[in-house]
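*Asks:* From the sequence below, what's the structure:
(2 chains)
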Protein chains: 2
Amino acid sequence: MTLTEQHPIMDGRTTSAPLVRALRGERGPRLPVWFMRQAGRSLPEYRALRAGGDMLQACLTPELASEITLQPVRRHGVDAGIFFSDIVVPVLLAGLPIRIEPGRGPVLDDPIRSASDLARLRPLDAEALEPIRAAVALTVAELGSTPLIGFGGAPFTIAAYLIEGGPSKDQARARAMMHADPQSWATLLDWCADITGQFMRAQVEAGASAAQLFDSWVGTVSALDYERSVAPHTRRALAHLDGLDVPRIHFGLGTDRILTQIAAFDVDAIGIDWRIPLDEASRVIGDTKPLQGNIDSALLSAPWPVLREHVDDVLRRGQRAPAHVVNLGHGVPPETDPDVLTRLVAYIHEHDAASRE
Amino acid sequence: MTLTEQHPIMDGRTTSAPLVRALRGERGPRLPVWFMRQAGRSLPEYRALRAGGDMLQACLTPELASEITLQPVRRHGVDAGIFFSDIVVPVLLAGLPIRIEPGRGPVLDDPIRSASDLARLRPLDAEALEPIRAAVALTVAELGSTPLIGFGGAPFTIAAYLIEGGPSKDQARARAMMHADPQSWATLLDWCADITGQFMRAQVEAGASAAQLFDSWVGTVSALDYERSVAPHTRRALAHLDGLDVPRIHFGLGTDRILTQIAAFDVDAIGIDWRIPLDEASRVIGDTKPLQGNIDSALLSAPWPVLREHVDDVLRRGQRAPAHVVNLGHGVPPETDPDVLTRLVAYIHEHDAASRE
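*Replies:* Numbering: from 1, shown residues only, chains lettered A, B, ... in the order given. The predicted structure is shown next:
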């Protein structure tokens, strides 16, 4: 096996892909578009394939994870695949018995809430990531010149699940621990940073062309707490990608008040949710980074002319940023009509071509 | 009955109360403090009184609503009572069969989702508000010089319940209707504005010394949508208080990106959630209004020195605003130890006195 085979990114097969160029800050001949959660419940072929099987088991079965990743790329013609997995996969691989309850989300029956609970945190063995590497390798072989985006959960979001024991409304227990026991907090978040960093690194080493860090719950953290008790751990997670020549994306929900802090991370692009317009987000960070976003997924169920008008507005506002990767402002809702997504991809590609004529 | 008896606010019994003075922008001899949701599940005397009875029925039983309102004032020594009721009470009084499911929230089995559903919206008969007026009158007679705060839900938050049929994660159906059917949206929100405006007005006419509009769900609305499709209806709700000489408070969760729009409303003070520091919030709105907030309720479960340090920080930052009403950044969590709240009130009053020495 040559070094190129071990590190497919080095073969340059995706370096001129519209997604990779846009994440690098270049405005190329085609506006790239992909959708967070494009792989999954909105697709009938996904529901047929999973047919009630366990979610995390699917993530750890390379052929299945790969096929699910490829489904939306085939169907919609998006400019990237997003690896089908879950942010808690590395938690499970590190030995904590976390599971995903359908309709609820990740659940840990015995949450991490005290200094003594920290003894249950074990390092993530590199071997354990083998099914992830295998799934990525299978996927990139199929994708060819279409890039695969790897991902991981940000330390705050993973820690919130571990402390709360499941999804929660405002992560109050997690935020209480942050203040009440800052030492345990820091230990736990460093652990989360390391496992999620290793998880992302494994995906990139196996062939992913970009990596996105998801901080889904960070919208409940105050700006002060973010700077002091969250951002250092996010930096630690990102540092696991050092030395790998792939662009990095940060995405969080409800980040408007911490955008300048996010822009200071070592990331190439920032995902913006639907709450603030892209031109405003770009202004806030001094037009320094490419932006990804931010079609309001609530409008996917609106009549086409209404959705189109909204998309036109997003594309126009996105022009302020150095480059723009079109996406939703949040994940695809499970009840989305997949045909709307397909039509959206075609529209964005055509619209973009038209605007250059 | 004299005019004064009909309109107790005119008797001036609360005009020099610390709360009312602070809401008017004056820094008086005492820093006022109260807690959103101070009346309710955190108090054992409340749980004993309700003993599983129906929530909305309790709201419509004057003696019960009044007693529940008074409980935390007696126990904690807070500077105001907040009327015990629910933002959906006027919905029920206008004839829509909404109910509150314990552990879930307001539920409307047959949601309002189309133009034809609008036919079910009837005007709110002034007579129907009689139990509210009676409860307020009983309460203010007991409160004496301690002000009672009346309240109502903002049109967006009420409409979100009616459209979704219950609590929802990101109000996607409501936000979809806003775009897909703007005419029905406007009609529905005007209806919500009118019923909630009448509800607030009835409380003030019966003796409440201030009124607070709650927009709990507005954090999911984009800044653009807020300006275009939400703010006009909030203004309409507030206009129902015109001619009544009581201060108005606006409170919403996740409002950091729309603070300047909120500051432009005809309100006297703005409630800030825990996400941004008060000095920053005050800076954003040009130090134009008194602020209310914003102790992080997640810290109510932290050790006292940790909570105290946080409170000190909140008080220090609050000094930037023209005046400060101390409160949480959100409602009291049901599992809160009420003794912590009592201690907090004493600490804030002492601390304030100490800082003046």
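*Asks:* Three-state assignment for A:L213, please.
*Replies:* Three-state secondary structure (criterion: DSSP: H, G, I helix; E, B strand; the rest coil) places A:L213 in strand.
*Asks:* Verify the stated contact: it with A:A239.
*Replies:* No. In this structure, A:L213 sits apart from A:A239 without contact. The criterion is Cβ atoms under 8 Å, and the distance is 11.5 Å. C-beta: built from backbone N, CA, C; applies to glycine.
*Asks:* what about the helices in the stretch 101-250 of chain A?
*Replies:* Under the criterion DSSP state H, counting those that start in this stretch, helices of the stretch 101-250 of chain A are mapped to A:130-143, A:155-164, A:172-180, A:182-205, A:223-225, A:231-239.
*Asks:* Would you format those helices as TSV with mean neighbour count and distance to chain B included?
*Replies:* Formatted as TSV, those follow (neighbours: other Cβ atoms under 10 Å in any protein chain shown; distance: least, Cβ to the nearest Cβ, whole Å):
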stretch	mean neighbour count	distance to chain B
helix A:130-143	20	29
helix A:155-164	27	11
helix A:172-180	23	4
helix A:182-205	22	9
helix A:223-225	18	6
helix A:231-239	20	15
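*Asks:* For the ones you listed, give me JSON lines that also has mean pLDDT.
*Replies:* As requested, those are exported to JSON lines (pLDDT from 0 to 100):
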{"stretch": "helix A:130-143", "mean pLDDT": "98"}
{"stretch": "helix A:155-164", "mean pLDDT": "98"}
{"stretch": "helix A:172-180", "mean pLDDT": "95"}
{"stretch": "helix A:182-205", "mean pLDDT": "98"}
{"stretch": "helix A:223-225", "mean pLDDT": "94"}
{"stretch": "helix A:231-239", "mean pLDDT": "98"}
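*Asks:* Let me see the ranges of the strands in the stretch 201-350 of chain A.
*Replies:* Taking DSSP state E, counting those that start in this stretch to define them, one finds strands in the stretch 201-350 of chain A at A:210-215, A:248-252, A:269-271, A:291-295, A:324-328.
*Asks:* one step back: need the helices of the stretch 101-250 of chain A in a markdown table (columns: distance to B:G144).
*Replies:* Putting the helices of the stretch 101-250 of chain A into a markdown table (distance: least, Cβ to Cβ, whole Å) gives the following:
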| stretch | distance to B:G144 |
| --- | --- |
| helix A:130-143 | 67 |
| helix A:155-164 | 43 |
| helix A:172-180 | 35 |
| helix A:182-205 | 44 |
| helix A:223-225 | 39 |
| helix A:231-239 | 49 |
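*Asks:* Ok, which of the strands of the stretch 201-350 of chain A comes nearest chain B?
*Replies:* If you check each of the strands of the stretch 201-350 of chain A against chain B by Cβ to the nearest Cβ, strand A:291-295 wins as the nearest, at 8.7 Å.
*Asks:* Run me through the strand neighbours of that closest one, direction for each.
*Replies:* The sheet places strand A:291-295 alongside strand A:269-271 (parallel), strand A:324-328 (parallel), with pairing taken from DSSP bridges.
*Asks:* Could you identify which of the ones you listed is most buried?
*Replies:* With neighbours defined by mean count of other Cβ atoms under 10 Å in any protein chain shown, none of those is more surrounded on average than strand A:324-328, at a mean of 28.
*Asks:* got the contact list for that one?
*Replies:* Residues from elsewhere that reach strand A:324-328, judged by Cβ atoms under 8 Å, 6 or more residues apart in numbering or on different chains: A:19, A:22-23, A:27, A:31-36, A:249, A:269, A:271, A:274, A:278, A:290-297, A:300, A:314-315, A:318, A:348.
*Asks:* where does chain A dip in pLDDT?
*Replies:* Counting by pLDDT under 70, the ranges of chain A that qualify are A:1-11, A:352-357.
*Asks:* out of the contacts of strand A:324-328, which are buried?
*Replies:* Those of the contacts of strand A:324-328 that meet the buried threshold are A:19, A:22-23, A:31-36, A:249, A:269, A:271, A:274, A:278, A:290-297, A:300, A:314-315, A:318, A:348, by 16 or more other Cβ atoms under 10 Å in any protein chain shown.
*Asks:* Tell me which of the residues you listed fall in helices.
*Replies:* With helices taken from DSSP state H, the overlap with these comprises A:L19, A:A22, A:L23, A:L278, A:V314, A:L315, A:G318, A:I348.
*Asks:* didn't the fifth one look like it was pressed against A:L278?
*Replies:* Which is A:V314. Yes. Applying Cβ under 8 Å as the test, A:V314 and A:L278 come out as touching, 6.6 Å apart.
*Asks:* Mutual contacts of those two, please.
*Replies:* Taking Cβ under 8 Å, 6+ apart as the contact criterion, the common neighbours of A:V314 and A:L278 are A:G293, A:N294.
*Asks:* What distance do you get for the nearest residue in space to A:G331 that is not next to it in sequence to chain B?
*Replies:* On the basis of Cβ to Cβ, 6 or more residues apart in numbering or on different chains, the spatially nearest residue to A:G331 that is not a chain neighbour turns out to be A:R37, at 3.3 Å. From A:R37 across to chain B, the span is 14 Å (Cβ to the nearest Cβ, to the nearest Å).
*Asks:* Enumerate every residue touching A:R37.
*Replies:* By Cβ under 8 Å, 6+ apart, the neighbours of A:R37 are A:I82, A:G331, A:V332.
*Asks:* Then A:W217?
*Replies:* Contacts of A:W217 were listed using Cβ under 8 Å, 6+ apart, and they are A:F156, A:T157, A:A160, A:Q171, A:L253.
*Asks:* try 6 Å
*Replies:* Contacts here follow Cβ atoms under 6 Å, 6 or more residues apart in numbering or on different chains; on that basis A:W217 touches A:T157, A:A160, A:Q171.
*Asks:* Now do the closest residue to A:I249 other than its chain neighbours: how many residues are near it, please.
*Replies:* With sequence-adjacent residues excluded and distances taken as Cβ to Cβ, 6+ apart, A:I249 is closest to A:Q212, at 4.1 Å. Burial of A:Q212 is recorded as 25 neighbouring residues (other Cβ atoms under 10 Å in any protein chain shown).
*Asks:* Please name the bridge partners of A:Q212.
*Replies:* With DSSP bridges applied, the residues forming beta bridges to A:Q212 are A:F151, A:I249.
*Asks:* Looks like it contacts A:G152 (just checking).
*Replies:* No. With contact defined as Cβ atoms under 6 Å, A:Q212 does not reach A:G152; the gap is 8.0 Å.
*Asks:* Show me which residues of the stretch 201-350 of chain A are close to chain B?
*Replies:* By the criterion of Cβ under 6 Å from any Cβ of the partner chain, the positions of the stretch 201-350 of chain A lying close to chain B are A:222-223, A:256-257, A:274-277, A:298-299, A:301-303, A:306.
*Asks:* repeat that with 10 Å
*Replies:* Selection of the stretch 201-350 of chain A residues close to chain B by Cβ under 10 Å from any Cβ of the partner chain yields A:219-226, A:253-254, A:256-258, A:273-277, A:280, A:284, A:294, A:296-303, A:305-307, A:309-310, A:313, A:317, A:329-330, A:333, A:335.
*Asks:* picking that back up, of the strands paired with strand A:291-295, which is nearest A:E142?
*Replies:* Distances from A:E142 to each of these were compared using Cβ to Cβ; the minimum, 21.7 Å, belongs to strand A:324-328.
*Asks:* when you compare where the closest one runs with where strand A:248-252 runs, what's the angle?
*Replies:* 40 degrees (axes from the mean of the first three to the mean of the last three Cα atoms, to 10 degrees).
*Asks:* list the buried ones in stretch A:79-99?
*Replies:* In stretch A:79-99, the ones that count as buried by 16+ other Cβ under 10 Å are A:79-94, A:96, A:98.
*Asks:* Same question for stretch A:263-282.
*Replies:* By neighbour count, with 16+ other Cβ under 10 Å as the criterion, the buried positions of stretch A:263-282 are A:263, A:265, A:267-282.
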